[in-house]
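Colleague: Quick one, fold the following:
(chains A and B)
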Amino acid sequence: MPPFEPVLLANVGQEGSHTLRFYEQTGGYQSLRRVLKEQSPVQFTDIVKNSNLRGRGGAGFPTGLKWTFLPKDHPGPIYFCLNADESEPGTFNNRILMEDDPHQVIEGLILSCYATRATTAYIYLRFEYPLAYQRLQLAINECYEAGHLGKNIHGSEFSLDIYLHRGAAAYICGEETGLIESLEGKRAWPRIKPPFPAVEGLFRKPTVVNNVETAACVKQIADRGVEWFKSIGVPADPNNPRDAGSYGPKLYCLSGHIERPGCYEAPLGITVNQLIDEYGGGMWKGRKPKAAIPGGISMGLLKADEFHCPLDFNGPGKFGCLGLGTAAVVVMDETVSMIDTLHNSCRFFAHESCGQCTPCREGTNWALKMMNRIKAGKGRLKDLDLLLEIGDNIGIMPGTTICGLADGAAWPIKNAIRKWRGEFEEFIKRTNPQGYQEESAVPALELIGIH
Amino acid sequence: MPTENPLPAAPEPVSERLLTPAMVEEIRAFFPRYPNRLAVTLPALHVVNEHLRYVPLQAVVEVAELLELHPSQVQDTLSFYGLFKQDAPGGEVRAWVCRSISCALRGGEELLDHLCEKAQIHPGETTADGKLTLEYAECLGACEYAPCMLANQTLHKSVSKEQADAFLKSL
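Modeller: Numbers count the residues shown, from 1 in each chain, chains lettered A, B, ... in the order given. Here you go, the predicted model:
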């Protein structure tokens, strides 16, 4: 069995774990009472800052630092948004926390609001999580009754309201400014930054947006302290002054061709191999692995001989991937075609591009059209170069889009074609023996259904 | 996402109001949660959608009145999201079958094909008896239970063809 004792998932899977009664029996809301009594918001912010907690939503930005970007002595209101729009393919850790331990999330959220002096918090929950919706609403109601929410919480000066806000099935609402626009009742078109949300966010007020798992970590740091948190994971690289390290436990979502798919808690920095063997029970049906997504589909692809990749904030980048992302590991066995995999990825991003920036809207859709053509046996070798041209030119990194969705769309294209070019070329030659060398423009491109 | 629904035809003039007093009350209950009415747009659309299983243009006009917005503002927001149908109500059960990577690796696309074939509809359509709407979904966030399907409020986990058939029978 894995030696690591779960903390974030300690209550998950137990009978009645979603109720206030259960949560308080396991020591729940003691930290909230203590922090409200003994620590100022600045002191608690410092604790989170010193823990080097990095956001669990995907970008890995240091949480405490993000909080300090809020203007000092602002007359308010300051808003807090909990990003529960978990939609990255392969990712379900937030769902599990919200369904089975909603109070852990809410206690973390209340502590985060106290630190940032936010008096209103919105939980932006994706529509596709009806059970999480019920359980969170129930938990919020219980908190008001117990005095953990409302006016002058536990006799302190601090008041807070938490509202649940449901999305309507759009991936882009997970992008923090897309989330803010959506919450304001508009199309979820990400905003140009600056101004950053900390300065001008929701309803044009200073706003913090944090992920669900980040809030759960805040609660655990309040319980157990900075030293505990920093005793887990991978320390900062002393040769890189900009590295904040990868501390703390992390929820890894393991799915695909795995014997025991599931959400597992492990120290940041375990390898893909360890995750598969020690937690996932090995490959499905004992087959050989071929590829893995290291942290949600946006992060790109690892080859089977790269499974020694450590899953910390710096690990996947060393193997040509975009980063750790949501730490959702999707494993594929040797029967999987990379053409199918890339097609699936391109279809997802063409569907989920919000349409605001031309390079993303057009790029993701043209990538899908080319993948449709390749899959239909009409591919040309030149298509691979065209796909790479799209991959290299859409996104924040090449500087052509407002948000990172396009970078996420680009990475699987770049990784799949550069790491498995032989397979793509062989497929194209085999399925289009007459036309694979063709380079002229495609005549009358038939309108293949995109969505 | 934004271009999902073709532009619906102009509505027939409706004399009766679509939003019942109960629905209006439900929507009003959201007002104190937000500093302005625009932010109530999504909650209001959810209320309408839950009651009518779609949000026709007449309802958009009525929601706009209630929120003190122009109908085009509400329609602008609505048309961005894939959730709200406008041409006809969805089935009594609206089922989303996941086609994203984790489910696709475990037979999600075949599951959707199988359901469509048995129900004799294409994704996005509703059966003639109005009982079922089938749709594909991008990642439902239940990848450990691939292939999965969300039918109204119920998540169906690791759905086999036999379970899919049983689901169709149960309608």
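
Colleague: CA only for contacts and neighbour counts going forward, please
Modeller: Noted.

Colleague: per-residue pLDDT, the residue of chain B found nearest chain A?
Modeller: The minimum distance from chain B to chain A, using C-alpha to the nearest C-alpha, falls at B:Ala39 (4.2 Å). Confidence at B:Ala39, expressed as pLDDT, is 98.

Colleague: so what's residue 88 up against?
Modeller: You didn't say which chain, so I picked chain A. Neighbouring residues of A:Glu88 by C-alpha atoms under 8 Å, 6 or more residues apart in numbering or on different chains: A:Tyr171, A:Gly296, A:Ile297, A:Ser298, A:Thr326, B:Cys139, B:Gly141.

Colleague: Oops, wrong one, chain B.
Modeller: B:Tyr54, B:Pro56.

Colleague: Show the pLDDT at it.
Modeller: 95.

Colleague: any idea how far it is from B:Arg53?
Modeller: 8 Å (C-alpha to C-alpha, to the nearest Å).

Colleague: cool, and A:Leu20?
Modeller: With C-alpha to C-alpha as the criterion, A:Leu20 and B:Arg53 are 34 Å apart.

Colleague: ok, the two, which is more surrounded?
Modeller: Comparing A:Leu20 with B:Arg53 by other C-alpha atoms under 10 Å in any protein chain shown, the one with more neighbours is A:Leu20, at 23 against 20.

Colleague: What values do phi and psi take at the more buried one?
Modeller: The phi/psi pair for A:Leu20 (degrees, to the nearest 10) reads phi -60, psi -40.

Colleague: Report the separation between it and A:Gly28.
Modeller: 8 Å.

Colleague: list residues touching both of these two?
Modeller: Here A:Leu20 and A:Gly28 share the contacting residues A:His103, scored by C-alpha under 8 Å, 6+ apart.

Colleague: ok but A:Cys263 is inside a helix, no?
Modeller: No. Secondary structure of A:Cys263 (DSSP: H, G, I helix; E, B strand; the rest coil): strand, not part of a helix.

Colleague: Spit out the contact partners of residue 45.
Modeller: This is for chain A. With contacts defined as C-alpha under 8 Å, 6+ apart, the neighbours of A:Thr45 are A:Gly64, A:Trp67, A:Thr68, A:Ala115, A:Thr116.

Colleague: actually it's chain B I care about, not the one you picked
Modeller: Shown in contact with B:Leu45 (C-alpha under 8 Å, 6+ apart): B:Val55, B:Val63, B:Leu78, B:Phe84.

Colleague: What's the first helix or strand after the helix or strand harbouring it?
Modeller: Assigned by DSSP states H and E, B:Leu45 falls within helix B:41-52. Next in sequence after helix B:41-52, counting helices and strands by DSSP H and E, comes helix B:57-67.

Colleague: from memory A:Phe22 sits against A:Tyr29, does it?
Modeller: No. Counting by C-alpha atoms under 8 Å, A:Phe22 does not reach A:Tyr29; the two are 11.4 Å apart.

Colleague: Could you say which of the contacts of A:Thr45 is surrounded by the most neighbours?
Modeller: Ranked by the number of neighbours (other C-alpha under 10 Å), those place A:Thr116 first, at 26 neighbours.

Colleague: what's near enough to touch the closest residue to that residue other than its chain neighbours?
Modeller: Distances taken as C-alpha to C-alpha, 6 or more residues apart in numbering or on different chains place A:Trp67 nearest to A:Thr116, at 6.2 Å, with adjacent residues excluded. A:Trp67 makes contact with A:Thr45, A:Ala115, A:Thr116, A:Ala198, A:Val208, according to C-alpha under 8 Å, 6+ apart.

Colleague: where does A:Trp67 land on pLDDT?
Modeller: 98.

Colleague: can you give me phi and psi for it?
Modeller: phi -60, psi -40.

Colleague: and the gap between it and A:Ile221?
Modeller: 16 Å.

Colleague: returning to what we had before: let me know whether the residue of chain B closest to chain A touches A:Glu181 as I believe.
Modeller: No. Checked against C-alpha under 8 Å, the pair B:Ala39 and A:Glu181 is beyond contact range at 9.2 Å.
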